[in-house]
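Student: give me coordinates for this.
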Amino acid sequence: MYEVDARGLSCPEPLMLVSDALKSHPGEKLKVLVSEPHSRTNVEKFVKSRGLIVLVKETGSEFELTIEG
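Tutor: Alright, predicted model coming up:
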């Protein structure tokens, strides 16, 4: 599983990192870590718009998104 650590980053940086990871690791499960609620929402919408499945787990004030196709 490939991991993208976007904690502490503001949009659009998390989206750009996720987009790059999806291109460079096609078909591989991704784990994305974000610390901002709006980043979580934006990444979730972005991934779903591409027909991928996203599972979200909230851990304290951070979010872990698992993306699979």
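Student: grab the most central residue of the protein for me.
Tutor: The centre of the chain sits closest to residue 32, judged by C-alpha atoms, centre = their mean, with a distance of 4.0 Å.
Student: element containing it, please.
Tutor: Secondary-structure assignment from DSSP states H and E places residue 32 in strand 30-34.
Student: alpha carbons only: can I get that strand in CSV?
Tutor: Listed next in CSV are the C-alpha coordinates belonging to strand 30-34 (Å, rounded to 0.1, in the frame of the first residue of the first chain):
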residue,chain,number,x,y,z
LEU,A,30,-3.4,4.2,-1.4
LYS,A,31,-3.5,5.5,2.2
VAL,A,32,-3.8,9.2,2.5
LEU,A,33,-3.3,11.1,5.7
VAL,A,34,-4.8,14.6,6.1
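Student: can you give me the strands for this structure?
Tutor: 2-5, 30-34, 53-59, 62-68 (DSSP state E).
Student: buried residues, the last one. List them.
Tutor: Spelled out, it's strand 62-68. For strand 62-68, the buried set under the neighbour-count rule, 16 or more other C-beta atoms under 10 Å, comprises 63, 65, 67. Glycine gets a C-beta too; all of them are placed from N, C-alpha and C.
Student: residues in contact with the closest residue to the second one other than its chain neighbours?
Tutor: Spelled out, that is residue 65. What sits nearest to residue 65 in space, not counting adjacent residues and going by C-beta to C-beta, 6 or more residues apart in numbering, is residue 32, at 4.3 Å. Contacts for residue 32 (C-beta atoms under 8 Å, 6 or more residues apart in numbering) come out as 3, 4, 6, 14, 17, 18, 21, 43, 64, 65, 66, 67.
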